[in-house]
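Colleague: With the input below, show me the fold.
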Amino acid sequence: MSDRSYVQKNDRERERLRVLVTGLSDDELRRKVNEHWTVAGIFGHLAFWDARAYELMRKAERGEAFTDSDQEPPDPTWLNDSTRGLIHAIPPRAVAELALQQAEDTDGLAASLSDELLARMWPTDERSPVSVVRAGHRAEHLDEIARVLRGRK
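Modeller: So this is what the prediction gives:
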């Protein structure tokens, strides 16, 4: 995989995350985004999914084959719902900082993967449970947070 445009996309969305994490007050981090999640909770959600991607990339680096249990379920709602209470139990500032650190670690690893490894794990393998493109998921939720902070839903 010689196309490394994902690195710039990840960098751009991680920078958006950094601006929010470092610029929001504790009250803004506790602000409700929807009936289930706060701003900080969404940051925790992002940290969880980046951590999953990080661990799967590490598995690929070690030369271990992906297994059926590595696959994301077709509907991950139950995963998101089951992590929500744990995520919201973490102090808002701590979970926001965790999300940024996890994004930095995950993006750094994704950028460092060899072309050979990328070709083996993504995107040619339709069964790959991991994507090095972290930007899309982040952008979706950062856009959601931005709308709420601007006063729109």
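Colleague: Regarding the chain, what is its longest helix?
Modeller: Longest helix of the chain, by residue count under DSSP state H: helix 39-61.
Colleague: Moving C-terminal from the worst-scoring helix or strand of the chain on mean pLDDT, which element do we reach first?
Modeller: Across the helices and strands of the chain, mean confidence by mean pLDDT, DSSP states H and E is lowest for helix 115-121: a mean of 85. Next along the chain after helix 115-121, taking DSSP states H and E as the criterion, comes helix 135-149.
Colleague: which other residues reach that next one?
Modeller: 6, 9-10, 12-14, 16-17, 20, 24, 28, 31-33, 39, 42, 45-46, 49, 103, 153 (CB atoms under 8 Å, 6 or more residues apart in numbering). Heads up, the C-betas are built off the backbone N, CA and C, glycines and all.
Colleague: let's see 6 Å
Modeller: For helix 135-149, the external contacting residues (CB atoms under 6 Å, 6 or more residues apart in numbering) are K9, N10, E13, R16, V33, V39, I42, L46.
Colleague: Let me know the pLDDT of S2.
Modeller: Listed pLDDT for S2 reads 64.
Colleague: residues of the least confident helix or strand of the chain that come out buried?
Modeller: L117, L118, R120, M121 (16 or more other CB atoms under 10 Å).
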